[in-house]
Structure formats: C-alpha cells, structure tokens
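Peer 1: Mind looking at a prediction? Sequence and model below.
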Amino acid sequence: MVAVASVVTLVGTVSGMISALDHGRGSDRARSEVTHTPTPVPRPARPVPSSSPSRTTRTPTAESEVPEPSATGPTSTRTERKQRTDPVTPRPRLYRHPDSQVLDWVRAHPDDPRTALIASRIAGRPAAVWFAAYSPETIAVRVRSVTAGAAAQGRVPVLVPYAIPDRDCGGASRGGAPDLVAYDAWIDAFARGLGSGEVIVILEPDSIAQSDCLPDADRAARFASLARAGRALKAANPRARVFYDAGHSGWNPPAKQAALLKQAGADAADGIFSNVSNFRTTADEIAYDRQVLDALGGPASLGAVIDTSRNGNGAPPDGQWCDPAGRRIGRAPTLTTGEARIDAYLWVKLPGESDGCRGAAGTFTPSYAYDLAR
C-alpha cells in the first residue's frame with residue numbers, strides 16, 4: 001500500500017534542506033510509508049518542507065565535505081567501486097549551504113555528547129534548499145543568494161521550489177501560490193535567480209504523484225503549469241537540471257506514474273526524482289525509477305535522482321511514516337552513483353528535521369538526528 005503522507009509535513013517550517021531563509025516551507029514530510037508490497041493506497045506520506053534555513057545569513061564559505069560513509073544498502077556494486085578508482089574527469093561536488101537548523105544546533109551545543117556524531121554524519125553533508133514561502137517579491141533574490149554562494153565554491157546547489165497551488169492536497173503542508181497564474185509568475189521570478197552555473201532543481205515534491213485529489217480539469221491545468229515551469233527554468237539557465245516528481249516505489253505503479261509525468265512535460269526535462277522524505281531502500285528506488293523512465297520514453301539522457309537521507313534501514317514494516325523509530329541515514333549525497341540512469345543520490349529531506357511526531361514538524365530535533373546517525 002502506498003504511504004500517503006505527502007513528502008512534506010507542515011509548511012510553516014522548512015524541512016528537507018535548508019529552506020534558504022524561506023520560512024514558509026515546513027519540514028519535508030516523510031511520506032506515509034508502505035509495506036514492501038504496494039497494495040491499496042492509503043495516501044503517500046507528505047513532504048514536510050525543509051525548515052533548514054537558519055534565521056541568520058552568513059557569507060558562504062568553503063565547507064569540507066565529510067568522506068562518504070560505507071554503503072548501507074545492497075546497491076554497493078563492483079561497478080560503483082571501480083568507478084571511484086578509475087581516472088575520470090572529476091564531477092563537481094554538491095553544495096552545502098552554511099545556514100541550516102542542524103548547523104545552528106551544532107554551533108550552539110559544542111559540549112553536547114551527541115554533537116560530534118551529528119556534526120560529522122549530518123551537518124557535514126550537502127543538502128537541498130527548500131523555497132516554500134509564496135513571496136514573489138523576494139524569491140529571485142533568495143534563490144540567487146544560494147546559487148551565487150555555490151558558484152563561488154564551484155559546487156552544485158540543489159533547490160526545491162515548493163509553492164504549487166493546492167499543495168499537499170490541503171494536508172499538513174497546505175499552502176502555496178493562490179492560483180496557477182500567480183504560480184507561473186513566481187516560477188519566472190525563481191528562474192531569474194538561477195544564475196548560469198550548474199544547478200539541480202527538484203520541482204514540486206508530491207505535485208504529480210499526489211495529484212489524484214484534484215478534479216480532472218484542475219489536474220490538467222497543474223500539469224500544464226509544471227510543464228511551463230520546466231521550460232522557464234531551462235530557458236533562464238540551460239545548465240539547470242530539472243527533475244519531476246515520481247513519488248516512490250511504494251506509491252503509484254511505474255506505468256501509471258510515467259503517464260502522469262508525461263502529461264506534466266517531464267520527458268522534455270532532465271528526468272525524475274523519487275523517495276523525497278521517504279524511507280524506501282536505494283535498491284528499490286533504482287529499480288522503480290528505471291521502470292518509470294522506460295515507460296516515460298523520451299531521450300536516453302533522462303535520468304533519476306533519489307533522496308537517500310533516511311533510507312539506510314529501508315521503510316518500517318508497519319508502514320509508519322512520521323519519524324518512525326529504527327531508521328538510519330542512507331548513502332551520502334553524491335553526483336557519482338555508479339548506476340546507469342541514476343544521476344545522483346541527494347539529501348532532499350534533512351535528517352533530524354521532524355515529520356511532526358518527535359518534534360514540531362519541520363524543526364530540528366537532536367534526539368531524532370542522533371538516532372538516525374548512529
């Protein structure tokens with residue numbers, strides 16, 4: 001059965017990654033998880049917008065990335081290990097924004113016995129930056145502050161626009177732009193902040209996989225707006241890589257999800273993303289994403305990115321999606337996966353930002369972060 005809580009959980013706090021000083025995005029909601037075999041679909045877990053952006057603004061400085069921990073899932077292959085040793089042109093590294101709730105906590109608690117582990121295994125990793133507040137007058141500046149900081153370090157930022165109308169089907173992360181006309185203008189302003197460097201855009205988590213709550217006409221209008229958004233982002237910065245919502249392996253069947261993605265113009269973008277704020281294993285997501293891509297068609301260059309931030313132990317067997325016990329962080333964020341058609345493992349949901357059960361939704365909860373990092 002499909003986990004239904006949408007990827008995000010309260011929009012008042014930003015979850016997932018840094019919310020780039022965007023106080024509108026609650027923490028990414030973990031999608032309500034499902035058992036290994038999807039059957040009837042209780043709705044997917046909702047993304048709680050990442051409330052990572054700290055309240056202060058600092059000038060980004062070069063942050064050293066912590067070496068990737070040993071793989072925790074079954075996808076560590078010989079091919080992957082070989083790729084890491086072959087002499088190849090090095091890929092750019094992902095950007096870690098200097099403002100986040102976890103970094104604020106680490107700086108404020110140097111003597112806490114949990115700090116060293118949280119700092120090395122979570123705070124030291126690059127993570128996505130969420131933009132969930134509908135504030136058209138400032139969105140371009142806020143996006144530019146992140147992309148400029150990344151460009152200064154020669155790194156690749158991951159941005160999450162999260163303001164589609166009827167976001168989260170009126171659930172815990174409800175909100176967004178007042179209508180699609182306003183949303184289109186907001187996306188145009190967002191695009192003006194992209195700059196000219198390489199950037200990854202995770203376009204509107206849950207907007208496609210969780211579109212069944214909309215009447216047919218409204219769903220078609222949303223998909224037309226998402227297709228337009230992809231074109232606007234690529235026109236503003238041809239080096240922007242735009243990925244569309246594929247839900248996760250326990251949600252819609254691949255053929256159904258691919259049909260929805262095609263209606264939203266994903267076959268004309270760079271690919272798809274899956275598992276945002278969820279817990280499904282990397283191996284399951286790789287297999288699922290490849291099936292979706294095959295069904296989607298489009299150019300062979302289309303790829304997938306997977307949120308691995310909390311999937312180290314896979315999904316809980318009871319289907320719990322709200323801060324479930326016994327979960328662990330997954331593979332470290334990287335642009336080098338060693339897997340065909342899998343372009344990146346990303347941390348879209350920041351580990352330690354609560355879904356609303358261990359702490360207020362979207363807020364950093366050190367006890368939860370420590371449990372995930374151990």
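Peer 2: Yep, it's here. Numbers count the residues shown, from 1 in each chain.
Peer 1: Next, find the distance separating G171 from C213.
Peer 2: G171 sits 9 Å away from C213, going by CB to CB, to the nearest Å. In short, each C-beta sits where N, CA and C put it, glycine included.
Peer 1: neighbour count winner among those two?
Peer 2: Shown here are G171 and C213; by other CB atoms under 10 Å, G171 has more neighbours (22 against 14).
Peer 1: Pretty sure R231 sits in a helix.
Peer 2: Yes. Remark: R231 belongs to a helix, assigned using DSSP: H, G, I helix; E, B strand; the rest coil.
Peer 1: For it, list the residues it contacts.
Peer 2: Shown in contact with R231 (CB atoms under 8 Å, 6 or more residues apart in numbering): G265, A268.
Peer 1: per-residue confidence for it?
Peer 2: In this model, R231 is scored at 98, pLDDT.
Peer 1: how about the CA coordinates for stretch 321-338, as PDB?
Peer 2: Extracted in PDB, the C-alpha atoms of stretch 321-338 (Å, rounded to 0.1, in the frame of the first residue of the first chain):
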ATOM      1  CA  TRP A 321       5.900   7.500   8.100                       C
ATOM      2  CA  CYS A 322       6.000  10.000  10.800                       C
ATOM      3  CA  ASP A 323       9.500  10.000  12.400                       C
ATOM      4  CA  PRO A 324       9.500   6.100  12.600                       C
ATOM      5  CA  ALA A 325      11.900   4.500  15.000                       C
ATOM      6  CA  GLY A 326      14.800   2.400  13.800                       C
ATOM      7  CA  ARG A 327      15.500   4.300  10.700                       C
ATOM      8  CA  ARG A 328      19.100   5.400   9.700                       C
ATOM      9  CA  ILE A 329      20.600   7.800   7.300                       C
ATOM     10  CA  GLY A 330      21.400   6.400   3.900                       C
ATOM     11  CA  ARG A 331      24.000   6.900   1.200                       C
ATOM     12  CA  ALA A 332      25.900  10.200   1.400                       C
ATOM     13  CA  PRO A 333      24.900  12.800  -1.300                       C
ATOM     14  CA  THR A 334      26.900  12.400  -4.400                       C
ATOM     15  CA  LEU A 335      26.700  13.100  -8.200                       C
ATOM     16  CA  THR A 336      28.600   9.800  -8.900                       C
ATOM     17  CA  THR A 337      26.400   6.800  -8.300                       C
ATOM     18  CA  GLY A 338      27.900   4.200 -10.500                       C
END
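Peer 1: Next, the buried residues of it.
Peer 2: By 16 or more other CB atoms under 10 Å, the buried positions in stretch 321-338 come out as 321-324, 327-338.
Peer 1: what's the weakest-modelled helix or strand in this protein?
Peer 2: When the helices and strands of the chain are scored by mean pLDDT, DSSP states H and E, helix 78-85 comes last with a mean of 39.
Peer 1: May I see the buried residues of the very next helix or strand once past that helix?
Peer 2: With elements assigned by DSSP states H and E, the helix or strand that comes after helix 78-85 is helix 101-108. Counting neighbours by 16+ other CB under 10 Å, one finds that the buried residues in helix 101-108 are Q101, V102, L103, D104, W105, V106.
Peer 1: Now render those as CSV, adding pLDDT and distance to D188.
Peer 2: Shown next, in CSV, are the buried residues of helix 101-108 (pLDDT from 0 to 100; distance: CB to CB, whole Å):
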residue, pLDDT, distance to D188
Q101, 94, 29
V102, 96, 32
L103, 96, 31
D104, 96, 32
W105, 97, 35
V106, 98, 37
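Peer 1: Please, where are all the strands along the stretch 251-374 of the chain?
Peer 2: 271-274, 303-307, 342-346 (DSSP state E, counting those that start in this stretch).
Peer 1: what distance separates the first one from the centre of its chain?
Peer 2: Once both centres are worked out by CA atoms, centre = their mean, to the nearest Å, strand 271-274 turns out to sit 10 Å from its chain's centre.
Peer 1: tell me what it is packed against?
Peer 2: Helices and strands touching strand 271-274, by 3 or more CB pairs under 8 Å, 6 or more residues apart in numbering; DSSP states H and E, are strand 240-245, helix 282-296, strand 303-307.
Peer 1: Counting by contacts, list what the longest one packs against.
Peer 2: In other words, helix 282-296. Counting contacts by 3+ CB pairs under 8 Å, 6+ apart, helix 282-296 is packed against helix 254-263, strand 271-274, strand 303-307, strand 342-346.
Peer 1: Extract the C-alpha trace of the first one and format it as CSV.
Peer 2: In CSV, the C-alpha atoms belonging to helix 254-263 read as follows (Å, rounded to 0.1, in the frame of the first residue of the first chain):
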residue,chain,number,x,y,z
PRO,A,254,5.6,2.7,-12.8
ALA,A,255,3.4,2.8,-15.9
LYS,A,256,0.8,5.0,-14.2
GLN,A,257,3.4,7.3,-12.8
ALA,A,258,5.1,7.6,-16.2
ALA,A,259,1.8,8.5,-17.8
LEU,A,260,1.3,11.3,-15.3
LEU,A,261,4.9,12.5,-15.7
LYS,A,262,4.5,12.7,-19.5
GLN,A,263,1.4,14.9,-19.1
